[in-house]
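Peer 1: the following block contains a protein sequence and its predicted model.
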Amino acid sequence: MRQLDMRKYLLYSLLTFQSICLSAQLKEVDYRYAPDWYVTNICFPDDSFKTVVGPLGQMFYGFSAIGEKGEIFYPYIKGRGFYTVLHFFADEGMKINSQKLHSPRVPIVETYSTYGGMDILQETFSIAQDYMKVGISTKEGNREDIIITTVTNKTNQHRTIKPMLIIDSKYPVDLKDGIVYINGNKNVLISEPVKRVRKNLVDFKTLIEFGPIELVPGDNRKIVVLYDNGMPSVLANKFKQNPQAIVREITNLKKNVVDYWNNKTDIPYGYISIPDKEIQNLIDASLRNIWQSREIVDNKISFQVGPTCYRGLWIVDGAFILEAATMFGRGVDARHGIDYMLTFQSENGKIEKHKPDFWKANGVALWTCVRHAMLTQDKHWLESIWSKLRKTVQFIQKLRALSLENDIDLDDGLMPPGSIDGGLWGGPGQAEYSNVYWNLAGLKAMIQAAYWLEKREDAEAWEKEYREFYKKFQQAAHRDIVCDTFGNKYLPIMMDPKYHDLPQRAQWTFCHGVYPGQIFEQGDPIATGTMNMLHTTLQEGMVMGTGWIVEGIWNYFASFYGHACLWMGDGKRASESLYAFANHASPLYAWREEHNTRDLHREFVGDMPHNWASAEFLRLVVHMLALDRGNELHLFEGLPIEWIQPGMTIKLRDIATPFGNLSLSLDIDREGEYGLLQIERLSDLSCTGIYVHQPDKLSKEMKPIKLDSKKKHSLKINIKSVLLDK
């Protein structure tokens, strides 16, 4: 384009941006779609005791194991719930008003209540002095949960409260010498003397009443409850000897806990800075939630999905949690999780952790290993496990051969029927695409890795396999395409029409096939039509009815959908999906896996905090700002207009990419006219270019600006219109 024409084009772009900004309504995070029942994790990183706190300040213990029977409380998945619930009231008549965290990085749950004109603050947190001071595991050292209840009489009259502790438990509860024993070895200590104990309601319920407390006008009273894990504890012993000494010391103990969380954890904060405060809060809390759910298993770090029903590593969930940890500079930690994942490989190469026909686990494991190696720039490690990965590729080839031997014609050359998950189970004789998508994606990742490692023989053989596999997929897909009620031509997950469900049901693997699988070109009609179908299913900004609750929201599907939108070139929808995702978190910065929309009674599926959700939030934020496409790095494809207002700053620091660590900053001036974009040089010379995209409100005809990846850049941006090298 000639210089004069370029100036006209840039002027047009700037005017377009200014006119749009005048009428744009900025998105915000206010948790408008939060579940009305939620729990919050207060344990430490790698803690073996996963205490969660409910929305009324109650503490939950002993989530039931699969198959166990007995009384359970607050069940939320297939009848499973908690075996013990503790709830302390400053007075049974108090009104519980609201709840928040001390901060996104400090999991002290603050519950605010009122009674008779008085203010009541309950602060609930965990303390583990051996762990905090010298790193002794909570399996071996002391570990307590504490509730500090502060009652402030703001009235001009005397007031009286009658504290009460309610314990619901399947275990025996006994009181001796002022100490409550649960199941013989768990101690509950209270700083107030017990007046009486009532067990005349139901078998599992114990009410412990304390003597009345008088508060004069302006008076402030603290009551402390401590629950220990049965391990030897200096703090618990001191509490038993002199409860009031602990009451006097408790403020300093809390300060130590706050200092630990703010300054002494290994949680990878500071890698990303976003000018939207609530988005940043969710980023920080997501990292914390992931680290809190981790555990040390067989002396290795185990990244776990959640603290209750998903306490463990799931193959698909874990793949993205491990990617997020690697992106945020913890590749060494993530390597433990990948090593663990590979222990589920059989001699024939099959990856199996849960269901024997969950064929997609093979493709997921291949992609996970390749992605991890590229993000860590570790060819040597990938070489060391190459023979294992080659076996898994061979098993995928065997699966394709098996599809020709069964009695079903629909799946020939693809995958035999297998378990689906995420909305549909599938079953014998039910040919489906979920396992096709992920095994295509895994095979494609291995081809990329083979070229990266200069294993040309493997690359060429697998390329031939992939072409045949993909051709069969395209033929089957065009055969099975149907129309939704809006005329969108989409591909159902089930091949046979007699098994069809809602169009959007279980389309998570399709979204993964788009990204990170990258098996579709941007203009592919199958992908375009299926995305168009998904666009019509939104409620509360989210795809509704795709998961297990057919009338509900699968919260982190917002990231699957947002990533697919981003990959297909629709950054605006990706940013909208991120904000919808954020608004479905609890006010304490965590997600349940699934729950209903606001217009229906609430049902719940899955864990909370659910850390696949945490990982997906982190991934979507990063990829909206920096996304690798083959040998190119693309910046700001999903950049929300909310983040480039006057005086704002966006920063990425050492975010892992396949081209080395990425550091950049975008500083907007006070008038909102210009921004300074600074990009550090990438270490991997395989990147053929950095492409800076104009934000989502401009004409889509504006092409991204290509920069040399081998150089450091400092660019002045005429907001959303022009880049000029300084």
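Peer 2: Arrived safely.
Peer 1: do I have it right that Leu261 meets Val106?
Peer 2: Heads up, residue 261 is Trp, not Leu. Yes. The pair Trp261 and Val106 passes the contact test of C-beta atoms under 8 Å, sitting 4.3 Å apart. No exception for glycine: its C-beta is placed from N, CA and C like everyone else's.
Peer 1: report the buried residues of stretch 396-403.
Peer 2: By neighbour count on 16 or more other C-beta atoms under 10 Å, the buried set for stretch 396-403 is 396-397, 399-400, 403.
Peer 1: which one of those residues is nearest Tyr76?
Peer 2: Tyr76 lies nearest to Leu399 out of the buried residues of stretch 396-403, by C-beta to C-beta, at 35.4 Å.
Peer 1: and the closest one, what is it in contact with?
Peer 2: Shown in contact with Leu399 (C-beta atoms under 8 Å, 6 or more residues apart in numbering): 359, 362, 415-416, 439.
Peer 1: wait, which of those residues is closest to Lys139?
Peer 2: Using C-beta to C-beta, the contacts of Leu399 come closest to Lys139 at Asn362, 34.0 Å.
Peer 1: ramachandran coordinates for the closest one?
Peer 2: The phi and psi values for Asn362, taken as degrees, to the nearest 10, are phi -70, psi -50.
Peer 1: name the element Glu249 belongs to?
Peer 2: Element membership of Glu249, judged by DSSP states H and E, is helix 243-263.
Peer 1: and for that helix, what's in contact with it?
Peer 2: 102-103, 105-108, 123, 125-127, 132, 146, 148, 189-192, 222-224, 226, 235, 238-239, 288.
Peer 1: so who does the closest residue to Asn406 other than its chain neighbours touch?
Peer 2: Leaving aside its sequence neighbours, Asn406 sits nearest to Pro416 (C-beta to C-beta, 6 or more residues apart in numbering; 5.9 Å). By C-beta under 8 Å, 6+ apart, Pro416 lies in contact with 357, 359, 399, 402-403, 406, 408.
Peer 1: tell me the secondary structure for the residue nearest in space to the middle of the chain?
Peer 2: Taking C-alpha atoms, centre = their mean, the centroid of the chain lies closest to Ser614, which sits 1.5 Å from it. Of the three states, Ser614 takes helix under DSSP: H, G, I helix; E, B strand; the rest coil.
Peer 1: spatially nearest residue to it (excluding sequence neighbours)?
Peer 2: Sequence neighbours aside, Ser286 is the residue nearest to Ser614 in space, at 3.7 Å (criterion: C-beta to C-beta, 6+ apart).
Peer 1: need phi/psi at Asn281.
Peer 2: The phi and psi torsions at Asn281 (degrees, to the nearest 10) take the values phi -60, psi -40.
Peer 1: equivalent analysis for Lys95, please.
Peer 2: phi -100, psi 120.
Peer 1: who's in contact with it?
Peer 2: 113-115.
Peer 1: before we move on, the earlier item: tabulate the contacts of Pro416 (JSON lines), appending pLDDT.
Peer 2: Converted to JSON lines, the contacts of Pro416 look like this (pLDDT from 0 to 100):
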{"residue": "Asp357", "pLDDT": "95"}
{"residue": "Trp359", "pLDDT": "97"}
{"residue": "Leu399", "pLDDT": "98"}
{"residue": "Leu402", "pLDDT": "97"}
{"residue": "Ser403", "pLDDT": "97"}
{"residue": "Asn406", "pLDDT": "94"}
{"residue": "Ile408", "pLDDT": "96"}
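Peer 1: among the residues you listed, which two are most distant?
Peer 2: Checking the contacts of Pro416 with C-beta to C-beta, the most distant pair is Trp359 and Ile408, at 14.4 Å.
Peer 1: of these two, which one has the most company?
Peer 2: The neighbour count for Trp359 versus Ile408, taken as other C-beta atoms under 10 Å, is higher for Trp359 (26 against 18).
Peer 1: ok, the more buried one touching Asn439?
Peer 2: Yes. Here Trp359 reaches Asn439: they are 6.5 Å apart, a contact under C-beta under 8 Å.
Peer 1: mutual contacts of those two, please.
Peer 2: With contacts taken as C-beta under 8 Å, 6+ apart, Trp359 and Asn439 have 399, 415 as neighbours in common.
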